[in-house]
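Chemist: just to be clear, the model below is a prediction. Sequence and coordinates:
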Amino acid sequence: MGDAGSYGVGHLLIWIAFMIVERSPDIAVPALILVLFWPFADAFHTIVRRLLMGAPVFVPDRMHLHQKLCRCIVIVFLGGKERRRSNPLTTLIMAPMLVLPVIFGVALAENKTASWIALLLFAMLFAFAHKLITLVAVKRRRKFRTG
C-alpha cells in the first residue's frame with residue numbers, strides 16, 4: 001500500500017471513529033483507540049521517541065516494533081542466512097499483539113472505565129515489548145561478537 005495508501009486509510013479510519021463517537025455517545029473513546037491500537041501506538045511511540053532523541057519526526061527509520069522484532073528473530077534464532085523466514089515468523093508472533101486490543105475494544109465498547117484500563121495495559125505492554133526485544137537482541141549480538 002505504501003505510505004500514501006496507509007496514511008489515506010488511517011485518515012479515513014480516524015474520521016470514522018470520530019463519526020461513531022458523535023453519533024453514538026455511549027461508545028467509549030478509549031475502546032475506539034483500542035480498535036485502532038496498533039497504528040495509534042506505533043505512531044505515538046515513534047513521535048515521542050524521536051522527539052526525546054532530538055531526531056526529526058518525519059524522517060523514516062527502522063525502529064518500529066515489527067522491524068525490531070524481525071531483526072531480533074534473525075539475530076537470536078535464525079542467523080543472517082535465514083532472513084527470508086523472519087518476516088513470516090514476525091507476523092505469527094505479532095498476530096496476538098494486533099488482534100487482542102481490537103477484541104478488547106469491541107468487548108468494552110460501552111464500558112469507559114474498563115476500556116481506559118485496557119488501553120493503559122496494552123500501551124504498557126507495547127512499550128515493554130519494544131524494550132525487551134531491544135535488550136534481547138543487543139545482549140545476543142554482544143554475546144555473538146565476543147564469543
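Modeler: Thanks, I have the structure now.

Chemist: neighbours of Met124, just the number please.
Modeler: By other C-beta atoms under 10 Å, 10 other residues sit near Met124. Where C-beta positions appear, they are placed from N, C-alpha and C, glycine not excepted.

Chemist: what comes up buried for the strand or helix carrying it?
Modeler: Using DSSP states H and E, Met124 maps to helix 112-146. Across helix 112-146, burial judged by 16 or more other C-beta atoms under 10 Å covers Ser115, Trp116, Ala118, Leu119, Phe122, Ala123, Phe126, Ala129, His130, Ile133, Ala137.

Chemist: contacting residues around the third one?
Modeler: Contact partners of Ala118, counting by C-beta atoms under 8 Å, 6 or more residues apart in numbering, are Pro30, Leu34, Pro101, Phe104, Gly105, Leu108.

Chemist: redo that, cut-off 10 Å
Modeler: 28, 30-31, 33-34, 37, 100-101, 103-105, 107-108, 111 (C-beta atoms under 10 Å, 6 or more residues apart in numbering).

Chemist: likewise the first one?
Modeler: Contacts here follow C-beta under 10 Å, 6+ apart; on that basis Ser115 touches 27-34, 104-105, 107-109.

Chemist: read off the pLDDT value for it.
Modeler: On pLDDT, Ser115 comes in at 97.

Chemist: how about the third one?
Modeler: If you check Ala118, the pLDDT there is 98.

Chemist: where are the low-confidence patches of this structure?
Modeler: 1, 3, 80-81, 143-147 (pLDDT under 70).
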